[in-house]
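Novice: Show me the folded form of this:
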Amino acid sequence: MSSAPPRTPGCVTADFFARPPADLVTWAEAEAAVATSPHPMSARDLRRKYKAADRPLYAVPGKRGEHVSRSAILEFHRNLVKGWLPTSGRRA
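Specialist: Reported below is the predicted structural model:
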């Protein structure tokens, strides 16, 4: 008689990161969110620096283009402006 191991819920952290964030926006919407800051950035600059920092990008089924979490882009912009991001060898 073999018994199967008890079913346990999966790792909560893995489940959390498996789902895309609920606040996904396009780069134009991200630029608009950052525009109210004293240090506004163009969508092109924001995209270039965000990608250079190897931050997550998302694809939304049925929608074209890259999407990014609004809260993540605002946090990234804050850290960039305040100089809290680690410097890399390449120019950002």
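Novice: start to end distance for stretch 27-42?
Specialist: End-to-end distance for stretch 27-42, by CA to CA, to the nearest Å: 9 Å.
Novice: tell me which residues in that stretch are buried?
Specialist: Trp27, Ala30, Glu31, Ala33, Val34, Met41 (16 or more other CB atoms under 10 Å). (Each C-beta comes from the backbone N, C-alpha and C, glycine too.)
Novice: residues making contact with that stretch?
Specialist: By CB atoms under 8 Å, 6 or more residues apart in numbering, the surrounding residues in contact with stretch 27-42 are 25, 43, 46-47, 49, 65-66, 68, 70, 73-74, 77, 81.
Novice: helix or strand right after the helix or strand where Ala28 lies?
Specialist: Element membership for Ala28 (DSSP states H and E) is helix 27-34. Scanning forward in sequence from helix 27-34 by DSSP H and E, the next helix or strand is helix 43-52.
Novice: name the helices or strands packed onto that following helix?
Specialist: In terms of contacts (3 or more CB pairs under 8 Å, 6 or more residues apart in numbering; DSSP states H and E), helix 43-52 is packed against helix 27-34, helix 70-82.
Novice: let's go with 10 Å and repeat that
Specialist: With contacts taken as 3 or more CB pairs under 10 Å, 6 or more residues apart in numbering; DSSP states H and E, helix 43-52 sits against helix 27-34, strand 68-69, helix 70-82.
Novice: re earlier: quick one, the helix holding Ala28 and helix 43-52 angle?
Specialist: Orientation check (axes from the mean of the first three to the mean of the last three CA atoms, to 10 degrees): helix 27-34 against helix 43-52 gives 100 degrees.
Novice: What is the least confident helix or strand in this protein?
Specialist: helix 12-18 (a mean of 66; mean pLDDT, DSSP states H and E).
Novice: Could you tell me the average pLDDT over the very next helix or strand once past it, please?
Specialist: Next helix or strand after helix 12-18 toward the C-terminus (DSSP H and E): strand 24-25. Taken as a whole, strand 24-25 has a mean pLDDT of 94.
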